[in-house]
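Trainee: Kindly generate the corresponding structure for this input.
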Amino acid sequence: MGLAERFAREDAEATAAASFDEFWRLYPRKVAKLEAMKAWKQMTREFSADEIIAGLRANLNALLRREKQFIKHPASWLRAGCWMDEPETPHRPGITGAAQRMIEVSHARQDQSRDCGLFQRLPAITSH
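Mentor: Purely as a prediction, here's the structure:
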């Protein structure tokens, strides 16, 4: 193996590690990290890391609404290709389709802002 090939492989491994770290930071159930890394390496051979992370972001609200015990382990989620699933929308009785869509867009924007660090935690209000 030549020097250029070695550097290219090391760069690819570093990029894969960084993208996995982002996935791991976002995924709401943190179990079996080594299995998740193996699944990540398998899936990123066929699919781009950006595509997988975008799919996770699209499905994150639905995942966060579940109790932890009902969220798939990250390796299972990856191997099943769940990032390609259509995002679930919560059913809210009495809300029309247009109003529901406005709520979803608002939540997505809040999530983006939170991920970018635009929201700051406000100090707790205490009674004197």
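
Trainee: Where does the most centrally placed residue in the chain fall, secondary structure wise?
Mentor: In the chain, the centroid-proximal residue (C-alpha atoms, centre = their mean) is Leu56; its distance is 3.4 Å. Secondary structure assignment for Leu56, by DSSP states H and E: helix 49-65.

Trainee: So what touches that helix?
Mentor: Helix 49-65 has contacts (C-beta atoms under 8 Å, 6 or more residues apart in numbering) with 15-16, 19-20, 22-23, 26-29, 40, 43-44, 71, 78, 82-85, 87-88, 90, 107-108, 111, 115. For every residue, glycine as well, the C-beta is placed using N, CA and C.

Trainee: Pull the distance from stretch 59-78 to the chain's centre.
Mentor: 10 Å (C-alpha atoms, centre = their mean, to the nearest Å).

Trainee: whoops, stretch 62-80 was the one
Mentor: On C-alpha atoms, centre = their mean, the centre of stretch 62-80 falls 10 Å from the chain's centre.

Trainee: On the C-terminal side of the helix holding Leu56, identify the next helix or strand.
Mentor: Proceeding N to C from helix 49-65, the next assigned helix or strand is helix 74-79, under DSSP H and E.

Trainee: What helices and strands are in contact with that following helix?
Mentor: helix 33-46 (3 or more C-beta pairs under 8 Å, 6 or more residues apart in numbering; DSSP states H and E).

Trainee: Just checking, which helix or strand of this protein averages the lowest pLDDT?
Mentor: Least confident helix or strand, the chain: helix 97-115 with a mean of 72, by mean pLDDT, DSSP states H and E.

Trainee: Of all the residues in stretch 58-70, which ones are buried?
Mentor: 58-61, 63 (16 or more other C-beta atoms under 10 Å).

Trainee: just stretch 46-57 next, same as before
Mentor: Across stretch 46-57, burial judged by 16+ other C-beta under 10 Å covers 49, 52-53, 55-57.

Trainee: tell me how far that stretch is from the chain's mean position?
Mentor: Chain-centre distance of stretch 46-57: 8 Å, with C-alpha atoms, centre = their mean.
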